[in-house]
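**Q** predicted structure and sequence below. I'll ask about it afterward.
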Amino acid sequence: MTTEEEKKRFNFEYWRELAATDSAAFETARDRAIAELIASVPEERQRRRMRGLQWRIDRIRDTAPNAMDACLKISGMMWDSLLGDDGLLERLRALEGRMPTQVRPRLPAKVVPLAPNAGRDGPSKS
């Protein structure tokens with residue numbers, strides 16, 4: 001294997017060990033690897049999309065109470081982009097000239113006004 005091929009190969013043990021021993025170094029190396037990958041994308045439009053997607057992933061990781069919760073939320077986001085409204089599957093079917101297998105009507109939502117300071121003082125004492 002050439003050196004260039006080795007660089008492109010994902011070394012799970014390296015990343016596992018780094019995460020276990022030095023989380024700050026892991027995050028720095030992770031950020032650098034992601035930035036390099038995004039920079040390698042040839043079209044600027046696609047790089048912007050990838051940066052936006054990575055920003056969403058990072059916000060999920062930042063706000064999740066633990067790694068498993070972040071993983072599940074990110075997984076859900078991926079499934080939604082595949083199977084959800086205007087997802088990849090729907091677009092592929094449109095390219096084939098087929099209609100989606102199930103058309104989901106968009107229902108209007110009723111907006112409910114909230115009382116001023118609702119929920120700020122804890123539960124109501126009625």
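**A** Structure received.

**Q** quick one: contacts of the helix or strand encompassing R51?
**A** If you go by DSSP states H and E, R51 is part of helix 44-63. For helix 44-63, contacts defined as C-beta atoms under 8 Å, 6 or more residues apart in numbering pick out 34, 37-39, 41, 70, 73-74, 77. Yep, even glycine has a C-beta here, placed from its N, CA and C like the rest.

**Q** list the buried residues of that helix.
**A** 57, 60 (16 or more other C-beta atoms under 10 Å).

**Q** distance of the residue sitting nearest the centre point of the chain from T63?
**A** Nearest to the mean C-alpha position of the chain, by C-alpha atoms, centre = their mean, lies I57 at 3.7 Å. Distance, I57 to T63, using C-beta to C-beta, to the nearest Å: 11 Å.

**Q** ok, now D86?
**A** 25 Å.

**Q** now swap in S75 and tell me
**A** 16 Å.

**Q** what's the answer for A39, then?
**A** 26 Å.

**Q** for A35, what is the enclosing helix or strand?
**A** Here A35 is assigned to helix 23-39, by DSSP H and E.

**Q** now the helix or strand where I74 lies and helix 44-63, what's the angle there?
**A** Using DSSP H and E, I74 maps to helix 67-83. Angle of helix 67-83 versus helix 44-63, following axes from the mean of the first three to the mean of the last three C-alpha atoms, to 10 degrees, is 140 degrees.

**Q** for helix 67-83, packing partners?
**A** helix 44-63, helix 88-95 (3 or more C-beta pairs under 8 Å, 6 or more residues apart in numbering; DSSP states H and E).

**Q** now do it: everything it contacts.
**A** 56-57, 60-61, 64, 87-89.

**Q** switch to 10 Å and redo it
**A** 19, 53, 56-58, 60-64, 66, 84, 87-90, 92 (C-beta atoms under 10 Å, 6 or more residues apart in numbering).
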